[in-house]
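> Below is the sequence, then the predicted model.
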Amino acid sequence: MGTSAIPGTALITGASSGIGKEFARIHASRGGNLILTARRKDALEALREELERDHSIQAETIPFDLSTPTGPQDLHKEIKRRNLTVDILINNAGFGGHGAFAEQDLQQNLHMVDLNIKSLMSLTHLVLNDMIPQGKGRILNVGSTAGMIPGPLHATYHASKAFVNSFSQAIASELKDTGITVTALAPGTVATDFFEKADMGGFRSPKQMASPQSVARIGYDAMMKGKLFVINDWKLTLLLRYIAPFIPRKSLLTAAKQFSGGN
Ligand SMILES: NC(=O)c1ccc[n+]([C@@H]2O[C@H](COP(=O)([O-])OP(=O)(O)OC[C@H]3O[C@@H](n4cnc5c(N)ncnc54)[C@H](OP(=O)(O)O)[C@@H]3O)[C@@H](O)[C@H]2O)c1
């Protein structure tokens, strides 16, 4: 699938804001149809109207809470009921949290696992089994640079993204020569609502963060090229892939904790 070909229909989770909304805008600008999902119906409808007005495409909105036990299965059933085919799956929905694990609400951490890990795994499995008979498809999973080191004060979030980074690369290898590619996108900090929602309002000023537009474009282009793993910033690539592995683990954990406001 070249970048100039019409790219087919993309299912984007977490399309109501941030990076997910920008994936939708990029895909629509290439002439691709969309299935937009997240919980906020009004935000999805507003995006659908914008994209159908600005581009010659069709967008469907399917509001769903993907963190419920049957959320991904119910979404998949609704896609079938509407006779839609998913050519591209972008697993982007996710959220974080902040604070010492023992002091945090356990249910909120389990909810994070339900969304960041279980819903991504379920949707990938469901959609892959539709793609395999077609012999083609693209999957982009939004992991994080947070998944490349353990994160004191964000323990569950970092672990959930380590799962996404690892899982995506492993299944990409399993799918070699099937016509289906899986790409993991590992962004650094991105200026979205993520930090407010994760109770991390003062964590970093937006000036130091990448824009959701630039991160979505890097992820989307990497997915279209069938790349395995992409980080949006070369300095982070250098630090996390080539320097951090050689730093003693305890020192790395201390630095990560201080970066997150701990001591
Ligand atoms: N911002 C960063 O610095 C950063 C860095 C690395 C990775 N990431 C990852 O990038 C992805 C997108 O985050 P973002 O930064 O764009 O933040 P965001 O603006 O908060 O977007 C999160 C999206 O997930 C959706 N979502 C949350 N809970 C959901 C649920 N239970 N069911 C269905 N959808 C749900 C939200 O929509 P509703 O509220 O409408 O459901 C929203 O569309 C996440 O996976 C995040 O972990 C972000």
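Cool, the structure landed. Numbers count the residues shown, from 1 in each chain.
> What parts of this protein come near the ligand?
Counting by C-beta under 6 Å from any ligand atom, the chain comes close to the ligand at 13-14, 16-20, 38-40, 43, 65-67, 92-95, 115, 142, 144, 187, 189-190, 192-194, 197, 212. Bear in mind the C-beta positions are built from the backbone N, C-alpha and C, glycine included.
> In strands, which of these fall?
13, 142 (DSSP state E).
> From the residues of the chain next to the ligand, list the buried ones, please.
The neighbour-count test (16 or more other C-beta atoms under 10 Å) marks 13-14, 16-20, 38, 43, 66-67, 92-95, 115, 142, 144, 187, 189-190, 192, 194, 212 as buried among the residues of the chain next to the ligand.
> Which of those fall within helices?
Applying DSSP state H to those, the entries found in helices are 18-20, 43, 194, 212.
> Which members of those are the farthest-apart pair?
Ala43 and Phe194 (15.0 Å; C-beta to C-beta).
> In CSV, list the C-alpha atoms belonging to the helix or strand of the chain with the lowest mean pLDDT.
For the chain, counting by mean pLDDT, DSSP states H and E, helix 194-197 ranks last in confidence among helices and strands (a mean of 90). The C-alpha coordinates for helix 194-197 follow below in CSV (Å, rounded to 0.1, in the frame of the first residue of the first chain):
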residue,chain,number,x,y,z
PHE,A,194,-3.6,13.4,28.7
PHE,A,195,-1.8,15.2,31.6
GLU,A,196,-4.8,16.9,33.1
LYS,A,197,-6.7,13.6,33.0
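> quick one, what contacts the residue of the stretch 51-200 of the chain found nearest the ligand?
Of all residues in the stretch 51-200 of the chain, the one sitting closest to the ligand is Gly94 (2.4 Å; C-beta to the nearest ligand atom). Contacts for Gly94 (C-beta atoms under 8 Å, 6 or more residues apart in numbering) come out as 14, 115-116, 142, 160-161.
> Show the pLDDT at it.
Looking at Gly94, its pLDDT is 98.
> And the one 4 residues further on, by the same measure?
His98 carries a pLDDT score of 94 in this model.
> Neighbours of it, how many?
Around His98 there are 17 other residues, counting by other C-beta atoms under 10 Å.
> what separates it from Asn263, distance-wise?
According to C-beta to C-beta, to the nearest Å, His98 stands 15 Å off from Asn263.
> And the longest helix along the chain, what does it pack against?
Secondary structure of the chain per DSSP H: the longest helix is helix 155-174. Under the contact criterion of 3 or more C-beta pairs under 8 Å, 6 or more residues apart in numbering; DSSP states H and E, helix 155-174 touches helix 106-112, helix 120-134, strand 137-142, strand 180-186, strand 229-231.
> Perfect, I'm done here.
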